[in-house]
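Undergrad: Build me a structure from this.
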Amino acid sequence: MLFKDKFIEFMSLRKTALVISLILILISVGSLVVRGLNLGIDFTGGTVVEVAYPDSKSPEAVRVLLKENNYEAIVQHFGSSSDILIRLAPPKTGETASSAEAKAELSESILEVLRQETAGVELRRVEFVGPQIGEELREQGGLAMLMALGGILIYVALRFEYRFAVGAVAALVHDVIITVGFFSVTQIEFDLSVLAAVLAVIGYSLNDTIVVFDRQRENFRILREETPTQVLNISLNQTLSRTLITSFTTLLVVGALFLFGPETITGFSVALIIGILIGTYSSIYVASNLLLVMGITKEALIPPEKNDEELDALP
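TA: Residues are numbered from 1 along each chain as shown. You can find the predicted model right below:
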C-alpha cells in the first residue's frame, strides 16, 4: 500500500484548509455575481451552423470574415480541422425572433459569405434554440442539481448519522461552487455538456466521501481510546491510497479527453478535471473537518445494546 510507512496528520491543517476553501468560495461567488457565466447557446438560445471546408481552415479566419460582414459569432473546429462550427447569438432585445424562413435565410447568407472566400464550402446542419428553451434548460439544470443534493442528504443521513449527511452535502456544495466559479473566472463557455460534467462531479465526489465515511464509522466503533481527531487521521491515512489511485486513473482518462478530444468537449473535460481535484480535497478537508466542527462522538455511532426483554422477544 502506498504511504504505508508514513502517517499524515491531515487534521492538523484543517484550519488552513478552511481558510483556503473560504477564499476559493468567495472568489467563485464574487465572480458569478460580477461576471456571471459565459452561457452557451444551449442556455441563451441562438443559431448553430456547421460547415465543411475542402481543406483545413482556421476558426479565427472564419470569425474575422463573418465579423467583416456584420456577423458576431463564436467559431471553432468540430471534429476535424476542416469542419467548422459557427454559433450565432440570439436576436437582441427588441428584435423579432427568427421564423423558419428567416433561419433558412440566415444560414444561406452565412454560407454565401464563406463561399465568397472559399469555393466548395458545404452546409452540414443548422440548428436553432429559442431563448425560452434556453431558460427552461437553465431552470431544469438547477433543479436537477438541487434534487441530487437533497437525495444525497437523505441517503447519507439514513445510512450514517445526520452529521455525516451535513458534511457530505457541504462538501458537494463546496465542489459545485468552486467548479462553476472556475468557469466564471475563466469565461470558458458553460453549456449542457459542462452541466452534465458538474452532475458527474457530484457523483464522483460523493463516492469518495462515502468510502472515507465508511472507514471513519468503522474506526469510531473499534478504536476506543483514540480521540475523534486521531480516529479521523487514522481513517484518512487508511483510505489515502485508494483515493489517490482512483483520482489518478480517472484524471488520466479525462486528461486524454482534454488533450486529444475535439474542442466541443473541452469544457466537459475541464469541468471534470477541476471537479476531481476539488472533490478529492473536499473529501478530506471539508467533509471530515465538519465532523469535528459539529462535535462527532464515538457514542453517537455505537449501536444501542438490546435489553433482555428485546432479546427474549426475538423468535
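
Undergrad: close enough to count as contact, Tyr53 and Ile84?
TA: Yes - counting by C-beta atoms under 8 Å, Tyr53 touches Ile84, with 6.5 Å between them. To be clear about C-beta, it is placed using only N, CA and C from the backbone, and glycine gets the same treatment.

Undergrad: Which of those two has more residues huddled nearby?
TA: Neighbour count, other C-beta atoms under 10 Å: between Tyr53 and Ile84, Ile84 has more, with 25 against 18.

Undergrad: Just give me the neighbour total for the closest residue to the more buried one other than its chain neighbours.
TA: Leaving out its chain neighbours, the residue that sits closest to Ile84 by C-beta to C-beta, 6 or more residues apart in numbering is Val51, at 5.2 Å. If you count neighbours by other C-beta under 10 Å, Val51 ends up with 25.

Undergrad: Which strand or helix spans Val51?
TA: Here Val51, judged by DSSP states H and E, is contained in strand 46-52.

Undergrad: list the helices and strands the helix or strand following that strand packs on?
TA: As assigned by DSSP H and E, the chain's next helix or strand after strand 46-52 is helix 59-68. Here helix 59-68 touches strand 73-78, strand 80-88, helix 100-117, going by 3 or more C-beta pairs under 8 Å, 6 or more residues apart in numbering; DSSP states H and E.

Undergrad: Partner strands of the strand holding Val51, with direction?
TA: With DSSP bridges as the test, strand 46-52 is paired with strand 80-88 (antiparallel), strand 122-129 (antiparallel).

Undergrad: Secondary structure element holding Ser241?
TA: Ser241 belongs to helix 228-260, assigned by DSSP H and E.

Undergrad: tell me the mean pLDDT for the helix or strand that that helix is followed by?
TA: Downstream of helix 228-260, the first helix or strand assigned by DSSP H and E is helix 266-282. Mean pLDDT, computed over helix 266-282, is 91.

Undergrad: Tell me the gap between helix 266-282 and the middle of its chain.
TA: 6 Å (C-alpha atoms, centre = their mean, to the nearest Å).

Undergrad: who touches it?
TA: 17, 21, 40, 171-172, 174-175, 178-179, 182-183, 188-191, 193-194, 196-198, 200-201, 204-205, 208-209, 243-244, 247, 250-251, 254-255, 257-258, 261 (C-beta atoms under 8 Å, 6 or more residues apart in numbering).

Undergrad: From the residues you listed, list just the buried residues.
TA: 17, 21, 40, 171-172, 174-175, 178-179, 182-183, 188-191, 193-194, 197-198, 201, 204-205, 208-209, 243, 247, 250-251, 254, 257-258 (16 or more other C-beta atoms under 10 Å).

Undergrad: quick one on the thing from earlier: out of the strands paired with strand 46-52, deepest packed?
TA: Of the strands paired with strand 46-52, the one with the most neighbours on average (mean count of other C-beta atoms under 10 Å) is strand 80-88, at a mean of 19.
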